[in-house]
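>>> okay, here's the prediction I keep looking at, along with the sequence it came from:
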Amino acid sequence: MPNTPTEADLAAALEHLATACAALRLDDPLLVGIETGGIWLAQWLHQRLGLTTPVAGLDVGFYRDDLQRAGLKSAVRPSSLPPSVDNRQIVLVDDVLHTGRTVCAALRELFDFGRPACVRLLVLVDRGGRELPVAADAVGLQLALPADRRLRLSGPQPLRATVEPA
Amino acid sequence: MNAALAKRLGAIQYDAQGRLRHLLTLEGLQRDTVDALFTLADSLVEVGGRSIKSVPLLRGKTVVLLFFEASTRTRTTFEIAAKRLSADVVTLDVPASSTSKGESLLDTIANLEAMQTDAFVVRHADSGAAQLIASHVAPQVAVVNAGDGCHAHPTQALLDLYTIRQHRGGFEGLKVAIVGDVLHSRVARSQLAGLRLLGVDDIRLVGPPTLVPPRLASLGGRVCHDPREGLDGVDVVMMLRLQRERMTGGFVPSDREYFALYGLTEAALAAARPDALVMHPGPINRGVEIASAVADGKRSLILPQVTNGIAIRMAVLAQTLGRGSGGDE
Amino acid sequence: MSDATRLTLRGGRVIDPASGTDTVADVRVEDGRIVAIGPLPDHGDGEVLDVRGRWVLPGLVDLAGQVGSPDALSRRELQAAAAGGITQLGVMPAPAAGWDNPAVIGRLRDGARALGLLRLAPVGALTAGLGGEQLAELGLLRRAGCRLVGQGGQPIGARVLRRGLEYAHGHGLTAVIDAEDAELAGDGCVHEGAVGVQLGLTGIPVAAEVTALSRALALATACQARVHVHGVSSAAGVALLRAAKAAGLAVTADTPVWNLHFTDEDIGAYAPAFHLRPPLREAGDRAALRAALADGTLDAVCSDHRAVDGEAKRRPFARCTPGAAGFEALLALVLELVDAGEVPLRRALAALTSEPGTILGDGGRLSAGAVADLCVVDPQARWTVDAASWHSAGQCTPAWGRTLRGRVTLTLLGGRTVYRLSENSHDR
C-alpha cells in the first residue's frame, strides 16, 4: 500500500502544479474548476498566479455518463461559466484524476457553451485507473492506488489527503 | 387537510427506494423532496441563460404531453422544459367533449406505453385522473400531473412557492392570502398543501361565500369573506382566476360585482403589507379579479412566475425521469 | 342442484326473528314447505343434512339489488344472490325499461321464476316513464304483483309526489322514497365534506337527504300514506326518521350495507370501488346508522347490489358508474356489527329477513307451514372475497380482498337447493 500523501507532499504538489501551469504560457486563461473538488484548487491557482479573469465553476451532474443507470444526484450546483466560451483558452482544474469520466463529462458540458480555442487539464493528484483516453497537461503528484480505494482531498486549509475504501 | 388521506395520495409518488417517481400532488410529499426540487431548479435556471439552452440529462427519453384540457401556457412550458433536458417530446391534444366519458383514457395510455414512452405529463378535466394513470403505467414510466379537475396542479404551486422563496428567502412566519374561486381551484389546493408542508400556517382563503364556503377551512386555511380582513398584514397575495362558468352557474352575480367586492385593486392591496408580493397563475382577467395597475405594478411577480415555471418543470422532469434504472447510488 | 322434495336439516341452530325462535332443532322440508321444526325422528327417506354448528335462517330478503333488465336477467347475478343466502330480492325501477308497464313487471317475475334461483319483488314505477309528471297505472301494477312503487332515483315534483302518495295508498301500495333530492345532489359523486373538498370532487350535501326526507315525510303525514325510505345515509336523516316514527307515521327505512361499514375516508386515493350512491358519509353518520339499526329506527339493510362492469370502474372517479356488488357479503358484513357489539343478533337478522319481508309483503319467515325459503349459515367460517369465492361479475367492490366471517353453505328456494357451497372450496 503506497503511503498516503502528507501535508508536505501536497504543498509541494501545489507548487509544482502552479509552476507547470505558468509554463503553459496561456494568454488570459479561464480557470474552470470542476465541482466540487476542483473549485478550491482553481481559486488557489488563480490567486497564486495572479490571474485576472475570475474562476468559473462547472458541475457535471447533468452530463455524467452513468445517468441511465444511477440516476441524477440531486445536489447539482449551477455552473457559472460565462455565456460563451468561444475562442477562450480554458484550463479545467480538478483535484483528483481517476477514470477520466468526469473530465469527459466536463468537456461535453464545456462544448455546450461554445468552441474554446483550447482546453488544458490540471490536476493535483493523478491516481491512475484510467478507463478513457484522458491525460492531464500538468499533474501535482502521481499516486498509484488500487481500484478498491478512494482518495479524498481537502484544501487549501487544512490541506489533507485521506485514502478510504471505495 | 386530512393527513391520512394526504399520505395515501402521496404514497404512490415514491418508488421502492424512496425516490420521487411521479409528481401528482403536493399532498403527502416529504419536505426534503420539495427542497431538493428547489435546489435542482436553482441549478437549472442557469441553463436558460446559455447559448445552447440544454443539458443532456434526459437524452433518449420520450416525454408525452397528454392534454385533455386545452392549455397553451402550461403545455408550452412543459415542452420547453423537456426539450431543455434533451428529451424527445410528443404533444397530444385530446379534445375533451362534454359527453366524453374518459373511457379512452387508459386505452390511450396503454397504446402510448407500447411506443416506449418514458413519461406522461397529463392535464385532465377530472379529479383523480393523474392518480388513475399513475396506478396503471409500467414501473419505469413517470407521470407528472399538469392539472386534474379541481384537485391538484402541483407544478404551478411549486413554481409559486419557488418564486416566494426567491423573493423572501424563506417561509418562516409568512402570512399568505389566496383570493378567488378556491372551491373549484386545483391551484389553490396545491398551494395550500405546499404552504403547509413548508411550515406556513397563517393562510387566508378570501372570496364570496359561494366560492369560498366555510367548509373549505378543512383544507387548512382561514375562510374570510371580507377581503380587508383576509388581506390584513399579509406578505403574499395569491390570486386565482375567475372563470366565466361561475357566473352562469349561479356562483357570482356578475363580473362587475365580483370586481367591486373582491377585485385586487391598489386600494384593496393597501390592507396588506407595503412590500407584499402579488402573484397570479395566469392568464389574468384584467378588471375581474385584478386591476391592471396591480398586475403590471412593481409588486407583481406574474412574469417571474412564468420564467420560474420552466426551471421548476425541468427540475420535476429531471427528478422523476432521471431516477436511473439501477439501484446503486 | 338436487331436487330433494324431502329433506331434513339436523341439529342446526334455528333462528327466526319474526317469531323469536332461537333454538337448536331439526327442520323437515317436504314438497317445498317446512313441515316441522323441532326434535324430529329419523324418517328414513329423503336427504338428511348434518347442520350441527350451523345456523338455519329464513332465506334472506334483500330490498334492493340489480340483476339485469326485465328481458335480460343475469343468471350469474341471480346465482350470486343465492350464494348470499338471498331468496327474495326487491328490484328498484330503472329509466327506459318499462317499469310502469304491468306486462313488463309480469315478464320480470316470470323470467325469475323460470330461472328458479330466487323470487323477485319488482318495485313498480310511481310515474309514467319515471318522468315525475304523470302517474303510472298503479292499480294495474298492483294487480301485476307490485307491492311497492317508486321513482328509482329520478326526480319528482312535490305536487306530483303528493298525488302519487294518495293514489298509491288507495291501492294498498307502499311508496318508496329515495333519500336524496336529485336537484341538490346535482352531479355530485361524494359526500360533501372535508374528503370531497380535498379530492376536488363535487359533493352531495346531507341537505339533499334532509330535504328529500322532510318533504316526503310531510306529504306522507298529510296523506296518511305508508312510505318506505330507501338509502338513508346520514345522522340527520336518521334523526328525521326517528321523529317521524315517534309521531306515529307508517314509515320504514333501509340503508345500504356499505354505509354501515365505510366512510368517505375509505375512498382514499380515488378508489373506484367506493364510488357509491348514496355516498359514504362521515364517521358520525356511520355511527348514527349503526345506532339506528340497533334501535329499530332503520328497519332493514340492503345490499344495493350492482355488478358494475370493469370498464365502468376504470375511469376517473367522478365518471365511474356508482355502485358495487354485495349480495354475497351482505350477511357477513351485518354479522360483523353483531360481533362488534353494535347491534344485537336478533335485530341484525331481522333486518335481513322479517323486516324487509314485511315491507315487501311476503317472505323472511321460517315457521312450520311456510314456504321452504331458507339458508344455512356457518357463522364461524372465515373466507376471503376473491376470484375463487365470489360469484358476481362485479369485482370492483369494497368487499374485495376482505376476510369475512360467516358464510352461507346452503340456500333453498321452495325446498329446492339453489346454492350449495362445494366442500373443496372451504378455504384458508
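Okay, I see it. Values in this document were obtained by computation on a predicted structure and should not be read as measured data.

>>> any idea how many residues pack against A:Val103?
A:Val103 sits with 23 neighbouring residues when counted by other Cβ atoms under 10 Å in any protein chain shown. Every C-beta, even on glycine, is put in place using the N, C-alpha and C of the backbone.

>>> where does it sit: helix, strand or coil?
Three-state call for A:Val103 (DSSP: H, G, I helix; E, B strand; the rest coil): helix.

>>> skipping adjacent residues, who's closest to it in space?
With Cβ to Cβ, 6 or more residues apart in numbering or on different chains as the criterion, A:Val103 has its nearest non-adjacent residue at 5.0 Å, and that residue is A:Val134.

>>> which of the three states applies to the one you found?
Following three-state DSSP, we place A:Val134 in the coil state.

>>> and chain C, which residues reach chain B?
Residues of chain C lying near chain B by Cβ under 8 Å from any Cβ of the partner chain: C:192-195, C:197-201, C:265, C:268-270, C:311, C:314-319.

>>> now, those that are in helices?
C:194-195, C:197-199 (DSSP state H).

>>> of the residues you listed - the most surrounded one?
So for these (other Cβ under 10 Å), the most neighbours sit at C:Leu199, 30 neighbours.

>>> so who does that residue touch?
Shown in contact with C:Leu199 (Cβ atoms under 8 Å, 6 or more residues apart in numbering or on different chains): B:5, B:127-128, B:151, C:190, C:267, C:270, C:317.

>>> can you lay out these as JSON lines showing neighbour count, distance to chain A and pLDDT?
Listed next are these as JSON lines, based on neighbours: other Cβ atoms under 10 Å in any protein chain shown; distance: Cβ to the nearest Cβ, whole Å; pLDDT from 0 to 100:
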{"residue": "B:Leu5", "neighbour count": "20", "distance to chain A": "28", "pLDDT": "94"}
{"residue": "B:Ser127", "neighbour count": "26", "distance to chain A": "30", "pLDDT": "96"}
{"residue": "B:Gly128", "neighbour count": "28", "distance to chain A": "29", "pLDDT": "96"}
{"residue": "B:His151", "neighbour count": "29", "distance to chain A": "27", "pLDDT": "97"}
{"residue": "C:Val190", "neighbour count": "25", "distance to chain A": "37", "pLDDT": "98"}
{"residue": "C:Ile267", "neighbour count": "28", "distance to chain A": "33", "pLDDT": "97"}
{"residue": "C:Tyr270", "neighbour count": "27", "distance to chain A": "29", "pLDDT": "97"}
{"residue": "C:Phe317", "neighbour count": "26", "distance to chain A": "32", "pLDDT": "96"}
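
>>> wait, which of the residues you listed is closest to A:Glu109?
For these, the minimum distance to A:Glu109 (Cβ to Cβ) is 39.0 Å, reached by B:His151.

>>> give me the nearest residue to that closest one, chain neighbours excluded.
In space, B:His151 is closest to C:Gly200, 3.2 Å off (Cβ to Cβ, 6+ apart).

>>> hmm, the one you found is touching B:Gly147, no?
No - counting by Cβ atoms under 8 Å, C:Gly200 does not reach B:Gly147; the two are 10.4 Å apart.

>>> which of those two has more neighbours?
A count of neighbours by other Cβ under 10 Å puts B:Gly147 above the other of C:Gly200 and B:Gly147, at 26 against 23.

>>> run a quick neighbour tally on B:Glu46.
16.

>>> isn't it right up against A:Val76?
No - at 10.4 Å, B:Glu46 and A:Val76 do not qualify as touching, with contact defined as Cβ under 8 Å.

>>> strand partners of the helix or strand containing B:Ile178, parallel vs antiparallel please.
Assigned by DSSP states H and E, B:Ile178 falls within strand B:175-179. Note on strand B:175-179: by DSSP bridges, its sheet partners are strand B:202-206 (parallel), strand B:236-239 (parallel).

>>> could I get those as CSV with distance to A:Ala8?
Shown next, in CSV, are the strands paired with strand B:175-179 (distance: least, Cβ to Cβ, whole Å):
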stretch, distance to A:Ala8
strand B:202-206, 58
strand B:236-239, 56
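
>>> quick one: these as CSV, columns for mean neighbour count and mean pLDDT too.
Output for the strands paired with strand B:175-179, formatted as CSV (neighbours: other Cβ atoms under 10 Å in any protein chain shown; pLDDT from 0 to 100):
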stretch, mean neighbour count, mean pLDDT
strand B:202-206, 23, 97
strand B:236-239, 28, 96
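
>>> ok, which of these comes nearest C:Ala388?
Comparing those by Cβ to Cβ, strand B:202-206 comes nearest, at 49.9 Å.

>>> immediately after the closest one, which helix or strand?
Downstream of strand B:202-206, the first helix or strand assigned by DSSP H and E is strand B:222-224.

>>> so that following strand, near chain C or not?
No - using Cβ under 8 Å from any Cβ, strand B:222-224 never reaches chain C; the gap is at least 11.7 Å.

>>> flag every buried residue along that strand.
Applying a neighbour-count criterion of 16 or more other Cβ atoms under 10 Å in any protein chain shown, one finds B:223-224 buried in strand B:222-224.

>>> and the next helix or strand past that strand?
By DSSP H and E, the next helix or strand past strand B:222-224 is helix B:227-231.

>>> how close does the spatially closest residue to B:His124 that is not a sequence neighbour get to B:Ala87?
In space, and not counting its chain neighbours, B:His124 is closest to B:Phe68: 4.4 Å by Cβ to Cβ, 6+ apart. Distance, B:Phe68 to B:Ala87, using Cβ to Cβ, to the nearest Å: 21 Å.

>>> list the contacts of the residue in the stretch 251-400 of chain C that chain A sits nearest to.
Among all residues of the stretch 251-400 of chain C, C:Ala269 sits closest to chain A, at 25.4 Å; criterion: Cβ to the nearest Cβ. Applying Cβ under 8 Å, 6+ apart, we find C:Ala269 in contact with B:8-9, B:11-12, B:128, B:131, B:135.

>>> same question, C:Gly357
Here C:Gly357 is in contact with C:18, C:58, C:61, C:88, C:363-365 (Cβ under 8 Å, 6+ apart).

>>> rerun at 10 Å
Residues near C:Gly357 by Cβ atoms under 10 Å, 6 or more residues apart in numbering or on different chains: C:17-18, C:58-61, C:63, C:87-88, C:121, C:300, C:350, C:363-365, C:373.

>>> look at it and tell me its secondary structure.
Assigned with three-state DSSP, C:Gly357 falls in the helix class.

>>> quick one: pLDDT of it?
At C:Gly357, the predicted lDDT confidence score is 97.

>>> quick one: which helix or strand includes the nearest residue to it once chain neighbours are set aside?
Using Cβ to Cβ, 6+ apart and skipping the chain neighbours, the partner closest in space to C:Gly357 is C:Gly364 (2.4 Å). Using DSSP H and E, C:Gly364 sits within no helix or strand.

>>> any idea how far C:Gly364 lies from C:Leu120?
15 Å.

>>> neighbour-wise, which of these two wins?
Higher neighbour count among C:Gly364 and C:Leu120: C:Gly364, with 29 against 24, using other Cβ under 10 Å.

>>> ok, now which ones touch the closest residue to chain B within the stretch 101-250 of chain C?
Relative to chain B, the nearest point of the stretch 101-250 of chain C is C:Gly200 (3.2 Å; Cβ to the nearest Cβ). C:Gly200 is in contact with B:25, B:126-128, B:148-152, B:183-186, B:189, C:270, C:317-318, counting by Cβ under 10 Å, 6+ apart.
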